[in-house]
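> what shape does this take:
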Amino acid sequence: MLAVNIHEAKTHLSRLVEDAAHGKPFIIAKAGKPMVKVIPFSLVEPGSERRLGFMSGEISVPDDFDSMHGGAIIALFDGEEL
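Residues are numbered from 1 along each chain as shown. A predicted model of the protein is given here:
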């Protein structure tokens, strides 16, 4: 991965950002010590993407889910104690 010092990054920022946006991340260093990593905004880090339906079959929803404890919920809204 390309590493550039701060002065070089300031001088060539437009080109570096354009390269990073096209999948070529780079590191900005100060006195040879890496400070930040510049990556494309749309790039998703491995392992952080969400998988839709990953718990399919693991959870069951009761048929009366929409009406469960309906009386108790209405009583709470009416200020009644249970």
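> convert the helix or strand of the chain with the lowest mean pLDDT to PDB, retaining C-alpha atoms only.
Counting by mean pLDDT, DSSP states H and E, the chain has its least confident helix or strand at helix 70-77, which shows a mean of 88. Extracted in PDB, the C-alpha atoms of helix 70-77 (Å, rounded to 0.1, in the frame of the first residue of the first chain):
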ATOM      1  CA  GLY A  70     -53.400  -6.400  24.000                       C
ATOM      2  CA  GLY A  71     -55.500  -5.900  27.100                       C
ATOM      3  CA  ALA A  72     -52.400  -5.200  29.300                       C
ATOM      4  CA  ILE A  73     -51.000  -2.700  26.800                       C
ATOM      5  CA  ILE A  74     -54.400  -0.900  26.600                       C
ATOM      6  CA  ALA A  75     -54.600  -0.800  30.400                       C
ATOM      7  CA  LEU A  76     -51.100   0.700  30.600                       C
ATOM      8  CA  PHE A  77     -52.000   3.400  28.100                       C
END
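> now do that helix: distance to the chain's middle.
Its chain's C-alpha centre lies 37 Å from the corresponding centre of helix 70-77 when counted by CA atoms, centre = their mean, to the nearest Å.
> could you do stretch 56-64 as well?
27 Å.
> ok, stretch 3-22 next?
24 Å.
> helices of this protein, start to end?
6-11, 13-21, 70-77 (DSSP state H).
> follow-up on the earlier one: helices or strands up against the least confident helix or strand of the chain?
Helices and strands touching helix 70-77, as assessed by 3 or more CB pairs under 8 Å, 6 or more residues apart in numbering; DSSP states H and E, are absent. To be clear about C-beta, it is placed using only N, CA and C from the backbone, and glycine gets the same treatment.
> contacts for it?
Residues from elsewhere that reach helix 70-77 (CB atoms under 8 Å, 6 or more residues apart in numbering): Leu82.
> about what we covered before: nearest to Arg51, of the helices of the chain?
Arg51 lies closest to helix 13-21 among the helices of the chain, at 26.1 Å (CB to CB).
> which parts of the closest one count as buried, going by neighbours?
Leu16, Asp19, Ala20 (16 or more other CB atoms under 10 Å).
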